[in-house]
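> Provided below are the primary sequence and the corresponding predicted coordinates.
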Amino acid sequence: MPVTLKTAPVALALGLAASVAAVLPHHAAAANPGTNAASCDWPAYRTFVERFVQADGRVIDFSTPTQQTTSEGQSYGMFFALVANDRATFDRLLDWTRTNLAGNQFDAQDVRLPSWQWGRKPDGSYGVLDPNSASDSDLWIAYDLLQAGRLWNDSRYTTLGEALARQIASKEVVSLSGLGPMLLPGSQGFQTGDVTRLNPSYFPLSVLRALAKAVPGGPWNKLADNAYQLIKTTSPRGFVPDWAAWRAGQFVVDPKSGDTGSYDAIRAYLWAGMAAPGDPLARPWLAALGGMRLQVTEAGFPPEKVAATTGVVSGEGPLSYWGALAPYFKTLGDERDLGLARTHLAALDNAVAGHEPVYYDRVLGLFGTGFIEGRYRFDDAGRLLPSWRNACD
C-alpha cells in the first residue's frame, strides 16, 4: 500500500514554508537581471556546442553506454541556442529532432510527439531505443518554438509550437478525478489501475504560463495550480521526490520508486528559482521547497538523495546539483549558498583532460550560470527575455 503523504507533520511543513518565505526578497534587484550580463558572447554555451552537439544537430550524452540522445537534450539545447541568439544551431537541433525522434512527422499539420531516447542498439546500429514520449521535453520544445517565433519574428516556429502544445494537451494531459488536469510523464505506461504516476520535476512554471498565453483555452494555468499542489503535498519537509502518484483522490508516495528525491527532483528547485517573481505561484512554490536551502546551509553541500517524507539525507550531490540550485539561491537572496554554487560551478570552466564534466553537469550548469549571470530571465507571462534582445542587437 502506498503511504499517503497527508499524514506528514503539518506543523513542520507550515513552519518550514514560513521560515523560507520570511527570507524571500522582494526581487527589486532581480527586476532586470539581463542588464548584468557581462557580455553577449557566452563561452560556456560555445563549449557545450563544441563538445556535445554533432554537426547534424544531435546532442550526445557520452556518459551512457548507448551514447544516447534524448528529447530532453534536444529541448535544452534549443533553449540555450535561443538564449545565445544562435539560430543556426537551433535549426540544426530542430531538424535532427524532426528527422530522428519524430520520424519526419513534425510539422504544423502533422505533429508526432518525439521519441524520448535514441542511440546505439544491441546490434550496433543507431536509432530509436524507446518510442515513448517524455512530456517535460515536449513542453520545452513547444516553448522553444513559441519563443523562437517571437524573438526571431518567424511564424513558422510559432505555428509548430502551437501544434505541439495541442498534441501535448491531447496525449500527455489527463483529468484526474478530484483534481483536474495533470501532466503524465509520457503518453504511455503511467496509469495502471487506480494509480497514476507523476514526476514533480516536469513542471517549469514559466513554460506553463507561456503555453497558456500562446494557446488560450488549454489546460496550462490549471495545470500550474495542480502542479503546485503536487509539489507542496509531496514535499512535507521541503524536499521534492523524483516520483509521486495520484491514488484515491490524493497524492501519495510512488509505489514503484518510493519517496527518494535525487537526480530528477533537483530540477524542481531550478524551475522554481527561475520563475518570474511576479507570478502569483512563485513565492509559495519556492517556500514549499525550503528544506534544500536549510540543508545546504547546515551541511555546506546538497545531498545526493533525500527521503522526501522524513527528510533523511545521504551522499553529496554532484556538480549538476549546484547548477540547478544556483537560481534557487539567487532568488531566495541566499548569498552565502549562491557563493558556494559559484565556486563549484567554476569547475565547468576549468575542466582538464580526463575530467570533462558529463552531460547533466553541463546542461544544468548552463541553466544555472546563464540565469545568475543575467543572460536570460522570464516575465510574468512566461516569455523568455534574453539579454541579447536589448544589449546585443
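Right, received. Where do you want to start?

> strands of the stretch 151-300 of the chain, start to end?
173-176, 180-183, 191-192, 195-198, 244-247, 250-253, 260-261 (DSSP state E, counting those that start in this stretch).

> what's the closest of those to Thr309?
strand 250-253 (6.7 Å; Cβ to Cβ). All C-beta atoms are positioned from the backbone trio N, CA, C, and that covers glycine.

> pLDDT of stretch 131-149, averaged?
The average pLDDT for stretch 131-149 rounds to 98.

> in CSV: the strands of the stretch 151-300 of the chain, plus mean pLDDT and distance to Thr310.
Shown next, in CSV, are the strands of the stretch 151-300 of the chain (pLDDT from 0 to 100; distance: least, Cβ to Cβ, whole Å):
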stretch, mean pLDDT, distance to Thr310
strand 173-176, 98, 26
strand 180-183, 98, 25
strand 191-192, 96, 26
strand 195-198, 98, 20
strand 244-247, 98, 15
strand 250-253, 98, 11
strand 260-261, 98, 11
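
> nearest to Asp130, out of those strands?
strand 195-198 (16.1 Å).

> which secondary element of this structure has the worst mean pLDDT?
Ranking every helix and strand in the chain by mean pLDDT, DSSP states H and E puts helix 10-23 at the bottom, with a mean of 40.

> so which of the strands of the stretch 151-300 of the chain is nearest Arg383?
Closest to Arg383 of these, according to Cβ to Cβ: strand 180-183, at 20.8 Å.

> in contact with the closest residue to Pro114 other than its chain neighbours, which residues are there?
Distances taken as Cβ to Cβ, 6 or more residues apart in numbering put Leu101 closest to Pro114, at 3.7 Å, once the chain neighbours are dropped. For Leu101, the contact set (Cβ atoms under 8 Å, 6 or more residues apart in numbering) comprises 69, 71, 74, 114-116, 118, 128.

> and with 6 Å instead?
71, 114-115 (Cβ atoms under 6 Å, 6 or more residues apart in numbering).

> related to what we said a few turns ago, dump the strands of the stretch 151-300 of the chain into JSON lines; add distance to Trp322 and mean neighbour count as well.
Formatted as JSON lines, the strands of the stretch 151-300 of the chain follow (distance: least, Cβ to Cβ, whole Å; neighbours: other Cβ atoms under 10 Å):
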{"stretch": "strand 173-176", "distance to Trp322": "32", "mean neighbour count": "15"}
{"stretch": "strand 180-183", "distance to Trp322": "27", "mean neighbour count": "20"}
{"stretch": "strand 191-192", "distance to Trp322": "35", "mean neighbour count": "12"}
{"stretch": "strand 195-198", "distance to Trp322": "26", "mean neighbour count": "20"}
{"stretch": "strand 244-247", "distance to Trp322": "25", "mean neighbour count": "23"}
{"stretch": "strand 250-253", "distance to Trp322": "28", "mean neighbour count": "20"}
{"stretch": "strand 260-261", "distance to Trp322": "16", "mean neighbour count": "24"}
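
> circling back to that earlier point, with the contacts of Leu101 in mind, which one is nearest to Pro386?
Ser71 (22.6 Å).

> including pLDDT, could the contacts of Leu101 go into a markdown table?
Putting these into a markdown table (pLDDT from 0 to 100) gives the following:
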| residue | pLDDT |
| --- | --- |
| Ser71 | 98 |
| Pro114 | 98 |
| Ser115 | 98 |
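
> which of those lies closest to Gly258?
Nearest member of these to Gly258, counting by Cβ to Cβ, is Ser71, at 25.8 Å.

> quick check, the closest one in contact with Trp118.
No: counting by Cβ atoms under 6 Å, Ser71 does not reach Trp118; the two are 8.5 Å apart.

> any shared contact partners between these two?
With the criterion set as Cβ under 6 Å, 6+ apart, the contacts of Ser71 and Trp118 do not overlap.

> okay, Ala347: pLDDT?
87.

> that one: neighbour count?
Neighbourhood size, Ala347 [other Cβ atoms under 10 Å]: 15.

> Arg120 versus that one, what's the distance?
Look at Ala347 and Arg120: by Cβ to Cβ, to the nearest Å, they are 29 Å apart.
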